[in-house]
Structures are given as structure tokens and as C-alpha cells.
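Chemist: need a 3D model of the sequence below.
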Amino acid sequence: MWPRLVGLSVLSVLLAPLACSDWPVIGESPFYYYNRRKIELVSAPELLSGVLERREDEAWLLDLASAFGLPEPQIRRRTRRGLAWFSLDFGSSASPVQLSRFRRVVMVNRRLRTFYNGYRTLNGSRVILTGDIVARLKESTTREQIEAFVRRTGVEIAEFSERFRRYVFSTVTRGQDPLKIANSLHETGWVTYSTPDFVTDINPFP
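Modeler: Okay, here's the model as predicted:
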């Protein structure tokens, strides 16, 4: 059993959803590219991931979910470049109404640095975003073009292999959408591939 909420009254939890916009949806038909194939996705509100400002804030996050009557989620934890990445899977039994209310509160809380929607492929496989974008540049792509892409999107270069011309870009703030950023880089024609990095238990490619 997780500790009781600290500094957050029941009333403030219930009223907070009324004071902010609904959880953002990435277009009507989310997708990403894999080996030049367009992989269509469907939104999965029971799946979500993000980066906590502090690992100890995980207890607050799970206590908040419990306060909204959500089932205990499956949890994944990683330390990514010193950051506390996590994902939650509340399962198909979670109430859509309670999920929406929970996510509305979470998306505006400063304890989370980034937060991402979860998805499923058309065959039902989970797609849980890490917030990174993996890309391989074409030989003709210049460093100046990549620097312009970084300035335009606000991502950071997390890793770079000069030999393989492989980049890992990292989103660093809420509002940066890994799917859209990966797709926009693919559509420039500067890369042989550009895809969001994700975690999944099953092959996500239909």
C-alpha cells in the first residue's frame, strides 16, 4: 500500500481536471515510420510513460492513481542518462473517465519533466515511448541541417556515431511529441530511417 497523498487534498484532486485542457491527442491517426513503412497506431489511454524529476516522486504518482480509483499498474523503471524514466500500464479494466482525470492532473504537475501517451499497433501490441528518436543520416545530410532540425524542434543530441551516422535525439520538455518529431525528420528526406524509441513486449510491426 502506498503512503497517503501529501500536500494534495481530495478536493484539489477532484477539481484539478476542471481547470486544464484534456489529455492531448496526436492527430486523428497516429503513426510512425519503420523501414520506410508507415505503421499506424491507436491511442491506448491505459498506457503512459515519462520522466520524473526525482525517482522518489514515483510514490506520489502511484498514490495519485490510487486516489482516482485506478487499478495497481504494471510498472517499468529505467535510469536513462541519469534520468528516472518510467512507464505505467493500468490494464483494460481501468475506467476511461478516471484515467482521463488522472492524466489531466499529471500533465500539469511539475514533478514530471516529460510525459508521453501510450499506443497500440493495429495488431494490439503495446508501444510505450521512451522520449528518444533514433535516426540514421544519409551521406548527403550535413551537420548544419541537423543543427537546424535541433533548433527547430528543441530536442537534444543524446548520442552520435560518426561511423554509422546514427543519432539519438532526446525530448527534454513536456509538449515535445516523439512521434511527430521522428516523422518530421523522416519527411525531410535527410535520413535512411527515423523512428521513435519505444519499449514493448511483443513485436510491434504488423
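Chemist: need the CA coordinates for the strand ranked longest in the chain. CSV is fine.
Modeler: Ranked by number of residues, the top strand in the chain under DSSP state E is strand 37-52. What follows is strand 37-52, C-alpha atoms only, in CSV (Å, rounded to 0.1, in the frame of the first residue of the first chain):
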residue,chain,number,x,y,z
ARG,A,37,6.8,1.6,-43.9
LYS,A,38,4.1,3.6,-42.2
ILE,A,39,3.0,1.9,-39.0
GLU,A,40,-0.5,3.0,-37.9
LEU,A,41,-1.2,3.2,-34.2
VAL,A,42,-4.3,3.6,-32.0
SER,A,43,-4.3,5.6,-28.7
ALA,A,44,-4.1,3.4,-25.5
PRO,A,45,-5.1,5.7,-22.6
GLU,A,46,-4.2,2.9,-20.1
LEU,A,47,-0.5,3.1,-21.2
LEU,A,48,1.7,6.1,-20.3
SER,A,49,5.3,6.9,-19.7
GLY,A,50,7.6,9.8,-18.8
VAL,A,51,10.5,11.1,-16.8
LEU,A,52,10.2,12.1,-13.2
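Chemist: now it, how far from the centre of its chain.
Modeler: Distance, stretch centre to chain centre, for strand 37-52: 7 Å (Cα atoms, centre = their mean, to the nearest Å).
Chemist: give me the pLDDT for the most centrally placed residue in the chain.
Modeler: Nearest residue to the geometric centre of the chain (Cα atoms, centre = their mean): residue 116, 2.6 Å. On the pLDDT scale, residue 116 is placed at 94.
Chemist: quick one: which helix or strand includes it?
Modeler: strand 112-121 (DSSP states H and E).
Chemist: direction included, what does that strand pair against?
Modeler: If you go by DSSP bridges, strand 112-121 pairs up with strand 37-52 (antiparallel), strand 126-137 (antiparallel).
Chemist: in the first one, what's buried?
Modeler: Read that as strand 37-52. 39, 41, 44, 45, 46, 47, 48, 49, 50, 51, 52 (16 or more other Cβ atoms under 10 Å). No exception for glycine: its C-beta is placed from N, CA and C like everyone else's.
Chemist: please apply the same query to the shortest one.
Modeler: By neighbour count on 16+ other Cβ under 10 Å, the buried set for strand 126-137 is 126, 127, 128, 129, 130, 131, 132, 133, 134, 135, 137.
Chemist: okay, now the unreliable bits of this structure?
Modeler: For the chain, the stretches with pLDDT under 70 are 1-28, 200-206.
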